[in-house]
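J.: show me the folded form of this:
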Amino acid sequence: MPTTDPASAEPGLRPAASSETIPSSDTAAPGHVHWLSWARIVAIVAVVTVHVCAHLTLEWGTVGAKLWHFGNLAESAGRFAVPLFVMVSGATLLQPRPAERLSDFYRRRAARIAVPLVAWTAGYLVLDAWLNGRAITSYTFVQGFAWGRPYYHLYFLYVVAGLYLVTPFLRAFVATADRRLLVAGTAVCLGLAVADKAQHLLMGGGGFNAFSYFVPFLGYYLLGYVVATARPRRPRRTVLARSAAAYAGAVLVTAAVTWWLFGLVGPQDGRPLYDYYAPTVLVAAVAMAYGLRAVFGDRAPIPARARLVRRLADLTFGIFVLHPIPLELLVRRRQPAFASDYADMAFHVGVVLALVVGCGLVTLVLRRVPVVRRLF
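T.: All right, here's what the predicted structure looks like:
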């Protein structure tokens, strides 16, 4: 899910001396980072894909085997998206900026996240109550804001808000820590999140709310900065090949083990490897980040192309907040039946493309409206 920061706020990294190596980070400078914009675009397509295809896996035993495996593979392949969005935010915001005052940072971030968080939370609470035939009361809003999950995707706004709150303190850590300590701190945060999820899975309990959703994502947040500032140690083609192999392996393991677990314990308890802190999802997210950096680099070779990619990346937040509305109202309630599993697969692919393009165009238009643009 996308960051609300514009791509222009992303810190730049020093261009590579050779087109065969990933650029170094020793002399970071402000500017557009090309691969981060591409990461946002790739991640939003993955988010929409997961949301469109998720119902197929839950219909275990009622849909055809080919269609279920299609949904399982789509879920397994797209689960990197939320961690990648958090990594993009970390790469963007954790760059030390000594001249920026604490009050200025919080004022700017509050202006960017507060209005969308409040407006979309309220809007989706009303939509959810209406869709499910529930009365809308004052407690609807109190509970919705306190739990921080007014609709299945909007918890991410509360993740972003929490990460904004702790960013100045993490910047101080990043600015003073050497590389080994930074990597160790990132590994500890990720390890604790993985262990926490494992404990919840094995023993039950746990859960998060509006004030704590961001905590498990701290490791991914730091990891984004680690990846964005990594020194080049291998040729870009080598990094890409290894990243692609790691990503493909993680997806296949997730899909295969999930298939086995569904047959063993059913759809409700067979989904642990879909979790954002599952080891395979962690591998897939890291591989995707390194792979995208290897492909697109820190600087775009053609300025005009970079501007286009930035504009497309700036639409991702709008696509994120909007896409469940047409998905629920126009697709789920009128989803046709198909005689062929392959036709059903093509339908789901078409829905993903239609939602990404359609919501992107709506966002493009609404961002030109003076008051409404603050929601996007």
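
J.: A helix includes Trp60, no?
T.: No - using DSSP: H, G, I helix; E, B strand; the rest coil, the assignment for Trp60 is coil, not a helix.

J.: how close does it get to Arg271?
T.: 10 Å (C-beta to C-beta, to the nearest Å). Heads up, the C-betas are built off the backbone N, CA and C, glycines and all.

J.: these two: who's more crowded?
T.: Arg271 (20 against 17; other C-beta atoms under 10 Å).

J.: what about the residue lying closest to Tyr158 once chain neighbours are set aside, how many residues nearby?
T.: Nearest-residue entry for Tyr158: Gly148, 3.9 Å, with adjacent residues in sequence omitted and distances by C-beta to C-beta, 6 or more residues apart in numbering. Neighbourhood size, Gly148 [other C-beta under 10 Å]: 23.

J.: pretty sure Gly148 sits against Asn209.
T.: Yes - between Gly148 and Asn209 there is a contact at 5.3 Å, judged by C-beta atoms under 8 Å.

J.: need the overlap of contacts for those two.
T.: Common neighbours of Gly148 and Asn209 (criterion: C-beta atoms under 8 Å, 6 or more residues apart in numbering): none identified.

J.: where does the prediction get shaky in the stretch 151-300 of the chain?
T.: 206 (pLDDT under 70).

J.: can you pull out the helices in it?
T.: Along the stretch 151-300 of the chain, the stretches classed as helices by DSSP state H, counting those that start in this stretch are 155-176, 179-203, 218-228, 236-265, 279-296.

J.: may I see the buried residues of the first one?
T.: Going back to what we said before, that points to helix 155-176. 155-164, 167-168, 170-171, 174 (16 or more other C-beta atoms under 10 Å).

J.: please export the alpha-carbon coordinates of that helix; CSV is fine.
T.: Extracted in CSV, the C-alpha atoms of helix 155-176 (Å, rounded to 0.1, in the frame of the first residue of the first chain):
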residue,chain,number,x,y,z
TYR,A,155,-5.3,-0.1,8.5
PHE,A,156,-2.4,0.9,6.4
LEU,A,157,-3.2,4.6,7.0
TYR,A,158,-2.8,3.9,10.7
VAL,A,159,0.5,2.2,10.0
VAL,A,160,1.7,5.2,8.1
ALA,A,161,0.6,7.6,10.9
GLY,A,162,2.4,5.6,13.5
LEU,A,163,5.6,5.4,11.4
TYR,A,164,5.4,9.2,10.9
LEU,A,165,5.3,9.6,14.7
VAL,A,166,8.5,7.7,15.3
THR,A,167,10.4,8.7,12.2
PRO,A,168,12.4,11.6,13.8
PHE,A,169,13.7,9.2,16.4
LEU,A,170,14.6,6.6,13.9
ARG,A,171,16.4,9.2,11.8
ALA,A,172,18.6,10.0,14.8
PHE,A,173,19.4,6.3,15.0
VAL,A,174,20.1,6.0,11.3
ALA,A,175,22.3,9.1,11.4
THR,A,176,24.6,7.9,14.2
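
J.: taking helix 218-228 as reference, get the angle to that helix.
T.: 60 degrees (axes from the mean of the first three to the mean of the last three C-alpha atoms, to 10 degrees).

J.: quick check: angle from helix 155-176 to helix 179-203?
T.: Counting by the same axes, to 10 degrees, helix 155-176 lies at 150 degrees to helix 179-203.

J.: how far off centre is helix 155-176?
T.: 16 Å (C-alpha atoms, centre = their mean, to the nearest Å).

J.: the closest residue to Ala129 other than its chain neighbours in helix, strand or coil?
T.: In space, and not counting its chain neighbours, Ala129 is closest to Ile136: 4.8 Å by C-beta to C-beta, 6+ apart. Of the three states, Ile136 takes coil under three-state DSSP.

J.: tell me who's in contact with Ile136.
T.: Per C-beta under 8 Å, 6+ apart, neighbours of Ile136: 125-126, 129-130.

J.: out of the residues you listed, who's the most crowded?
T.: The most crowded member of the contacts of Ile136, judged by other C-beta under 10 Å, is Leu125 (20 neighbours).

J.: please tell me how far that one sits from Pro272.
T.: Distance from Leu125 to Pro272, by C-beta to C-beta: 29 Å.

J.: ok so, going back, how about the residue nearest to Ala129, phi and psi?
T.: With angles defined as degrees, to the nearest 10, Ile136 sits at phi -100, psi 110.

J.: repeat that for Phe214.
T.: According to degrees, to the nearest 10, Phe214 has phi -70, psi -20.

J.: neighbours around it, how many?
T.: Using other C-beta under 10 Å, Phe214 has 23 other residues around it.

J.: okay, the residue lying closest to it once chain neighbours are set aside and Tyr155: tell me how far apart.
T.: Taking C-beta to C-beta, 6+ apart, and ignoring the residues beside it in sequence, Phe214 has Gly162 as its nearest neighbour in space, at 2.7 Å. Gly162 sits at a distance of 10 Å from Tyr155 (criterion: C-beta to C-beta).

J.: again, but for Val365
T.: In this view, Val365 and Tyr155 are 27 Å apart by C-beta to C-beta.

J.: and the gap between the residue in the chain sticking out farthest from the centre and Val52?
T.: Residue farthest from the centre of the chain, counting by C-alpha atoms, centre = their mean, is Ala339 at 34.1 Å. The gap separating Ala339 from Val52 is 20 Å, by C-beta to C-beta.

J.: Val265 now?
T.: From Val265 to Val52 the distance is 25 Å (C-beta to C-beta).
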